[in-house]
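Colleague: Here is a sequence with its predicted model. Questions after.
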Amino acid sequence: MFVHIAGTGSYLPEKVLTNDDLAKTLDTSDEWIFSHTGIHSRHIAADGEETSDMAVKAAGRALAEAGVKPEELGGVIVATSSGDYRSFPATASLVQARIGATNAGAFDLQAACSGFVYATRVAQGMMQLDPRPVLVIGAEAMSRLLDWTDRNICILFGDGAGAVVLKASDEKDGILDSILGSDGGSVPPVISCTGGTKVCPEDPVGGKMHMNGRAVFNFAVKIFDDTIRRMLERHGLTFDDLSLIVAHQANARIIEAAARRMKQPLEKFFLNMNTVGNTSAASVPIALDEAVKAGRIRQGGLVASVAFGAGLSYGGLLIRW
Ligand code: ACO
């Protein structure tokens, strides 16, 4: 049995926050942010617009494209670190009810920015036991986790959702391979202290994200080509066989460094962080959907994805579309 991506969909909130808007209240500039990250603007969820609302919109688009009815789904997985509720219910349960996926199990998966890649692999495994289609969503309201006075971090993130519908088929190819990894350290380079059991000494009341940006940057560049290379080698393929690389949209400079290491032209990498920013677990599925709609992913094309984030977690997907 092979598992194919039968449809993609995404949703970005209406409100756009530009670097110039941020520079009105922060000691920063469009020049600094763009030259350090490749980001010009990001979308921000409206007051009252929750992660589940964005997920439902992306899901509806992916289901329509796949021609799958909600009641046919065997599972709904939402990869998120910013679900509607801190603990429970799962955002996936809210989405399952709203879209009418009456026969599906539903749960959230938290692996920070790598969440969508993790969820896709979990869904593929589920389908070996029960071949009904699975809806995999990455959805984030990152704006709710940020300290908007911290120029080191708040300039990086945006809100949004992306979704794919996975379908089982006897037709070969589809998702060829995946890799999941974790490099959890004693001093995590990215922490959000909000609402967990641990009181963080550096943030006793919670509500702030802390990040050692340089450590994440160096880690990302290291695992980027290594993850893709390992998947390709297992199939007797090389970087030259790839038609597109759809990576986590954290920072254009990470992707440029990876392109140099892989000796591949930058044109082979899909970039949308310019207008979307880092949407964490939503980043890869939004980028996949935009790449499909832009005609950058064609039937038969070989696509690699790689994601990395807090944990530090990382993962990759190799897909023959
Ligand atoms: N505007 C102006 N100056 C700034 C800003 C800003 N927005 N932010 C930082 N600076 C300053 C710093 O204060 C520092 O000043 P100093 O030298 O006087 O101390 C200087 O710019 C350089 O700061 P660095 O942090 O060294 O800048 P760097 O080039 O490393 O870029 C960045 C920072 C953009 C965060 C980068 O390290 C990065 O993108 N890292 C990866 C982050 C990432 O991918 N995270 C994903 C995980 S998130 C998750 O999983 C939820």
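Modeller: Perfect, thanks for sending it. Residues are numbered from 1 along each chain as shown.
Colleague: which parts of the helix or strand in which Ser52 is found are buried?
Modeller: Secondary structure from DSSP states H and E places Ser52 in helix 51-66. For helix 51-66, burial by neighbour count (16 or more other CB atoms under 10 Å) applies to 51-63, 65-66. The C-beta positions use only the backbone N, C-alpha and C, and glycine is treated the same way.
Colleague: what's the closest of those residues to the ligand?
Modeller: Taking CB to the nearest ligand atom as the measure, the ligand lies nearest Thr51 of the buried residues of helix 51-66, at 14.1 Å.
Colleague: need the contact list for the closest one.
Modeller: Applying CB atoms under 8 Å, 6 or more residues apart in numbering to Thr51 gives the contacts 45, 78, 80, 82-84, 91, 139-141, 161.
Colleague: what separates stretch 97-114 from the chain centre, distance-wise?
Modeller: Relative to its parent chain, stretch 97-114 has a centroid offset of 15 Å by CA atoms, centre = their mean, to the nearest Å.
Colleague: That stretch spans what distance, first to last residue?
Modeller: Using CA to CA, to the nearest Å, one end of stretch 97-114 lies 25 Å from the other.
Colleague: List the buried residues in that stretch.
Modeller: 99, 101, 104-106, 108-114.
Colleague: In helices, which of these fall?
Modeller: With DSSP state H as the criterion, helices contain Ile99 from among the buried residues of stretch 97-114.
Colleague: picking that back up, could you pick out which of the buried residues of helix 51-66 are near the ligand?
Modeller: Among the buried residues of helix 51-66, no residue lies close to the ligand (CB under 6 Å from any ligand atom).
Colleague: that older thread, could you give the average pLDDT over the helix holding Ser52?
Modeller: Mean pLDDT, helix 51-66: 98.
Colleague: Just the C-alpha atoms of it, please, in PDB.
Modeller: Written as PDB, here are the backbone C-alpha positions of helix 51-66 (Å, rounded to 0.1, in the frame of the first residue of the first chain):
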ATOM      1  CA  THR A  51      -6.200  27.900  16.000                       C
ATOM      2  CA  SER A  52      -9.200  25.600  15.400                       C
ATOM      3  CA  ASP A  53     -10.800  28.300  13.200                       C
ATOM      4  CA  MET A  54      -7.800  28.500  11.000                       C
ATOM      5  CA  ALA A  55      -7.400  24.700  10.900                       C
ATOM      6  CA  VAL A  56     -11.000  24.200   9.800                       C
ATOM      7  CA  LYS A  57     -10.500  26.600   6.900                       C
ATOM      8  CA  ALA A  58      -7.300  24.900   5.700                       C
ATOM      9  CA  ALA A  59      -8.900  21.500   6.200                       C
ATOM     10  CA  GLY A  60     -12.000  22.400   4.100                       C
ATOM     11  CA  ARG A  61      -9.800  23.400   1.200                       C
ATOM     12  CA  ALA A  62      -7.600  20.300   1.400                       C
ATOM     13  CA  LEU A  63     -10.700  18.000   1.600                       C
ATOM     14  CA  ALA A  64     -12.300  19.700  -1.400                       C
ATOM     15  CA  GLU A  65      -9.200  19.300  -3.500                       C
ATOM     16  CA  ALA A  66      -8.800  15.600  -2.500                       C
END
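Colleague: and the next element down the chain from it?
Modeller: As assigned by DSSP H and E, the chain's next helix or strand after helix 51-66 is strand 75-79.
Colleague: Strand partners (parallel or antiparallel) of that next one?
Modeller: Strand 75-79 sits in its sheet next to strand 105-109 (parallel), strand 134-141 (parallel), going by DSSP bridges.
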